[in-house]
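*Asks:* What follows is a predicted structure for the sequence shown.
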Amino acid sequence: MKRTKEVNLPGMRKQWRSFAVAPVTAAISAGLLAGCSETKEDARLYHTLNDCKSDNPGYATQCEMAYEDALKEAARTAPKFSTRRDCTEEFGMNSCVEAPNNNWFMPAMAGFMFARLIDNQRGYYSQPMFSSSYPSSRYYGRWMTADGYDYGSYRYKKAKVLIGKEQMKPKPTVTRTISRGGFGSSAAAKSSWSSSSSSSRSWGG
């Protein structure tokens, strides 16, 4: 399948849903199960760019760059579906977008992860986050990364998580489409920390 060279990033921006602000407790990421000896970094999950800016006074520029980076990564790494129906039955109505110049559909970015890292050349780390609004999906209302890690409930406006080097590794570029259920299969494997290498590539190139 021919890959696109241009992706309409503004079209990927999801119509953000508003939630009542609730006290946020530290979310236990799947990375905590990988081993206690690994150094972890604090990160935040935000629904919107403004959430990041308001939570990080003085780091507005970093939030903006992190958000744009996440959009680009979403276009590169998000699961791709051959039909809109397959996508919506996994992620919900109004949550999928069509990639320009291609015959596939993908979930719109539901938010992004942001971490301020002193030892990082950019000074920050980011990656796109996805969430399903389809009630029958196993991952309905969950924060999910492109490679299938589950970071907890999507209901909070912002959440704190701990991430390790494994979660910060570059995600594989997705060049082929999957049918309904492909996302769930990969996510189930990753959230249970499957050792199978194939599970991390269930929608990879």
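*Replies:* Arrived safely, thanks for sending. It should be emphasised that the depicted structure is a prediction, and the values quoted were computed from it without experimental measurement. Residues are numbered from 1 along each chain as shown.
*Asks:* what bits of this protein have low per-residue confidence?
*Replies:* 1-38, 100-101, 179-205 (pLDDT under 70).
*Asks:* longest single helix anywhere in it?
*Replies:* helix 60-77 (DSSP state H).
*Asks:* for that one, packing partners?
*Replies:* helix 9-12, helix 49-55, strand 111-116, strand 124-129 (3 or more Cβ pairs under 8 Å, 6 or more residues apart in numbering; DSSP states H and E). Quick note: C-beta positions are derived from backbone N, CA and C, even for glycine.
*Asks:* For this protein, which segments count as strands?
*Replies:* 41-46, 96-98, 105-107, 111-116, 124-129, 142-144, 150-153, 158-163 (DSSP state E).
*Asks:* what's the closest of the ones you listed to A78?
*Replies:* For the strands of the chain, the distance to A78 is smallest for strand 105-107, at 4.4 Å, taking Cβ to Cβ.
*Asks:* So which elements touch that closest one?
*Replies:* Using 3+ Cβ pairs under 8 Å, 6+ apart, strand 105-107 sits against helix 84-91, strand 96-98.
*Asks:* ok, back up a step: which one of the helices and strands packed on helix 60-77 lies nearest to A66?
*Replies:* strand 124-129 (3.6 Å).
*Asks:* Adjacent strands (with direction) for that closest one?
*Replies:* strand 111-116 (antiparallel) (DSSP bridges).
*Asks:* Convert the partner strand to CSV, retaining C-alpha atoms only.
*Replies:* Output of strand 111-116 as CSV, limited to C-alpha atoms (Å, rounded to 0.1, in the frame of the first residue of the first chain):
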residue,chain,number,x,y,z
GLY,A,111,-4.5,13.6,23.8
PHE,A,112,-0.7,13.4,24.4
MET,A,113,1.9,12.5,26.9
PHE,A,114,4.3,15.2,28.1
ALA,A,115,7.4,14.9,30.3
ARG,A,116,10.0,17.5,31.1
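*Asks:* can I get the helices and strands packed on strand 105-107 in CSV with mean neighbour count and distance to Q127?
*Replies:* Shown next, in CSV, are these (neighbours: other Cβ atoms under 10 Å; distance: least, Cβ to Cβ, whole Å):
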stretch, mean neighbour count, distance to Q127
helix 84-91, 21, 17
strand 96-98, 19, 18
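*Asks:* that older thread, right, and the helices and strands packed on helix 60-77 - which one's nearest K80?
*Replies:* helix 9-12 (12.8 Å).
*Asks:* what sits against R142?
*Replies:* Going by Cβ atoms under 8 Å, 6 or more residues apart in numbering, R142 touches S131, S132, D150, Y151, G152, S153, Y154.
*Asks:* can you do 10 Å?
*Replies:* For R142, the contacting residues are 110, 129-132, 150-155, 187, 191, by Cβ atoms under 10 Å, 6 or more residues apart in numbering.
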